[in-house]
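# Give me the fold of what follows.
(one chain, ligands or ions: 1)
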Amino acid sequence: MGNTVGFGVIGCGVIAPWHTQSIRDIPHARLVAVCDVIPEKADSLAKDAGGVRAYYDVDALLRDSEIDAVCVCVPSGLHAKIGVLAALAGKHVLCEKPLDVTLDHMDELISVCARQGVTLGCIFQRRTQKLWQAVRDAVQGGSIGRLILADAYIKYYRSQAYYDSAGWRGTWELDGGGALMNQGVHCVDLMRWIAGDPVSVYARCAHLARKIEVEDTACAVVEYSCGAMGIIEATTSVYNGMDHRLEFHGETGNVLVEGARIVRWETEDGSGPPESLVADDPQAAANPADIGIENHRAQIKDFADAIIQKRAPLVTGVEARKSVEFILGIYRSSELRQPVRFPLT
Ligand SMILES: NC(=O)c1ccc[n+]([C@@H]2O[C@H](COP(=O)([O-])OP(=O)(O)OC[C@H]3O[C@@H](n4cnc5c(N)ncnc54)[C@H](O)[C@@H]3O)[C@@H](O)[C@H]2O)c1
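Okay, the predicted model is just below:
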């Protein structure tokens, strides 16, 4: 491998070009091949990505000795299955979010990667943004005092045509959930990363507008381990969709973010966010492809660095698992119509 990491991208759908382009942009990463069970999709992405090799089955890609690491960009419920195969072939594994959709699958992936001595990471690209890092520093560093309320309002729009665009979308088995597990998982991850782990949740989930198995709307009341409470609302069915709002209220300050814009940052001691944080990039409120590439690039670069430097990546498998567990707790509470405590058993 030397000081360049050879990458293969598995799954050539909507998100795959963010991976292939990022890898091509990173000096110490090299895109070796892509793979899809639909040959035309593999061929087309391989061509767009500079004429790299195209494989039509995962085993063939995993036999390629120039590949050190794979990006897993297949439907969510297949992440662990493909990730385990890759780890058994000695490849490092970077999964798209969510890590997988069941605790058993994620646990198997985490333990096989550990046993094989390969690095496991999961894409939560917003964690690379200075904006969210500053919000986390402020909340965890005490700038807003004791945290009282931590709220996430995630009101997006996805049409029925979006759900119908691929057979796995909106199914329990392969999407693992809807407004929360697919679209809302980024914000749920940020809530956990900033406010801390949840200790309990009480929730209602339903599909109100779309013909899908999973929820298109969810409301949850959360208690965090720091003692704060909060609301998580998520939908993919409101008119036009709008930027998510994440709100952190403490005894001595408030920090509110809408999309990637700070809309309020007030602290008793007058400390504010660095000017450079006034950023604005698209957040996929109404279109899943409406996201920039720089955050994927930063996270994939970190993953390549982590492999070379033999250190943990920015988002480890264990860390990514916790955000899925948070969502699974919300689903369980809704199903049981009872509060649910963490960790889930
Ligand atoms: N980080 C983000 O912002 C972001 C955005 C969109 C999607 N995603 C995630 O990326 C993943 C893929 O989503 P998508 O929208 O690109 O889906 P998609 O349906 O557009 O693409 C998935 C591709 O995987 C292929 N595939 C399925 N099984 C395969 C297998 N066994 N081997 C090889 N290829 C296989 C399919 O043929 C398809 O081309 C999902 O887990 C999703 O949650 C993340």
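
# contacts and neighbour counts: CA atoms only from here.
Will do.

# so what's the closest residue to Ala89 other than its chain neighbours scoring on pLDDT?
Leaving out its chain neighbours, the residue that sits closest to Ala89 by C-alpha to C-alpha, 6 or more residues apart in numbering is Leu62, at 6.3 Å. Looking at Leu62, its pLDDT stands at 98.

# roughly how far apart are Leu62 and Glu268?
Leu62 is 55 Å from Glu268, where distance means C-alpha to C-alpha, to the nearest Å.

# Show me which of the two is the more surrounded one.
Neighbours per residue (other C-alpha atoms under 10 Å) separate Leu62 from Glu268, with Leu62 holding more: 24 against 12.

# buried ones in the lowest-mean-pLDDT helix or strand in the chain?
Ranking every helix and strand in the chain by mean pLDDT, DSSP states H and E puts strand 261-267 at the bottom, with a mean of 92. Across strand 261-267, burial judged by 16 or more other C-alpha atoms under 10 Å covers Arg261, Ile262, Trp265, Glu266, Thr267.

# now do stretch 108-123
Leu109, Ile110, Val112, Cys113, Val118, Thr119, Leu120, Gly121, Cys122, Ile123.

# so the second one touches Gly317, yeah?
Put plainly, it is Ile110. Yes: with contact defined as C-alpha atoms under 8 Å, Ile110 reaches Gly317; the gap is 6.1 Å.

# filter the buried residues of strand 261-267 by proximity to the ligand?
Near the ligand, taking C-alpha under 6 Å from any ligand atom as the test, no member of these is found.

# Quick one: residues contacting the residue located most distally from the centre of the chain.
Distance from the centre of the chain peaks at Asp269, with 33.9 Å (C-alpha atoms, centre = their mean). By C-alpha atoms under 8 Å, 6 or more residues apart in numbering, the contact list for Asp269 reads Ser143.

# What about Asp290, how many residues nearby?
12.

# I'd like the distance between it and Tyr239.
17 Å.

# Any idea how far apart the tips of stretch 236-256 sit?
Termini of stretch 236-256 sit 22 Å apart (C-alpha to C-alpha).

# Show me which residues of it are buried.
For stretch 236-256, by 16+ other C-alpha under 10 Å, it's 236-238, 241-250, 252-256.

# same question, stretch 128-142
Under 16+ other C-alpha under 10 Å, the buried positions of stretch 128-142 are Thr128, Gln129, Leu131, Trp132, Gln133, Ala134, Val135, Arg136, Ala138, Val139, Gln140.

# That concludes my questions; thank you for your assistance.
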